[in-house]
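Student: Following is a predicted model, sequence given first.
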Amino acid sequence: MVKSTSEDELGMDFIEKAFQEATIKVLMGATEGLNTDTLRDPQCCARLEDVSAQLPSLVPGVVKAKELLLQLISISQQLQLAHAEFESYSAQKRKELDEAQRELAIHEATSENQKKEEILVHEKCEANEKLIASLTTQLNEAIAVSKILQEEKAQFSHKPSEHEANGKK
């Protein structure tokens, strides 16, 4: 028995519809749980590539799904690249931050040491000023005593001694 063209078309529609339903099931399974984290996973991208390779290219309803899947694979690859660049950049910035923190710690320690040295020098200056004031007071007292003694000495040299005074009598 010879089939009519409409029966052939019905058969083709049935086959195409079966491929589309199978494709939808496969795609649903392959894309289940996809998000930006899983989409940048190389294993996820490999699964999507495997599914894409298994999809037929000649079935019109499947071709569009395959094109969209290829776009999804491209997005996955771009996300992987962007994530790798981000991780590299982040690692570099972490190194720079660690180095800056080390330098800051060194500067803080140096500053703290300088502050301690400054306080010590200031304390020594105060102690030295007190010593100078004390010694100046002692020197002034010694000068005053010396003047008094010089005056007394001068008085004795102008007065005749008792022995001289007894001898003149």
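Tutor: Yes, it's here.
Student: quick one, what contacts the residue lying closest to residue 42 once chain neighbours are set aside?
Tutor: Closest residue to residue 42 in three dimensions, ignoring its sequence neighbours and counting by C-beta to C-beta, 6 or more residues apart in numbering: residue 80, at 6.1 Å. Every C-beta, even on glycine, is put in place using the N, C-alpha and C of the backbone. By C-beta atoms under 8 Å, 6 or more residues apart in numbering, the contact list for residue 80 reads 40, 41, 42, 45.
Student: For residue 77, see how far away the third one is.
Tutor: By that I understand residue 42. 9 Å (C-beta to C-beta, to the nearest Å).
Student: what does residue 147 give?
Tutor: 102 Å.
Student: Give me the most central residue, the protein.
Tutor: Taking C-alpha atoms, centre = their mean, the centroid of the chain lies closest to residue 97, which sits 2.9 Å from it.
Student: ok, now which ones touch that one?
Tutor: Applying C-beta under 8 Å, 6+ apart, no residues qualify as near residue 97.
Student: For it, I want the exact helix or strand it lies within.
Tutor: Assigned by DSSP states H and E, residue 97 falls within helix 60-158.
Student: likewise residue 34?
Tutor: Counting by DSSP H and E, residue 34 is found in no helix or strand.
Student: I figured it hits residue 41, correct?
Tutor: No: if you go by C-beta atoms under 8 Å, residue 34 and residue 41 don't touch, sitting 9.6 Å apart.
Student: and after the helix or strand hosting residue 12, which helix or strand comes next?
Tutor: Counting by DSSP H and E, the element that carries residue 12 is helix 5-31. On the C-terminal side of helix 5-31, the nearest following helix or strand under DSSP H and E is helix 36-39.
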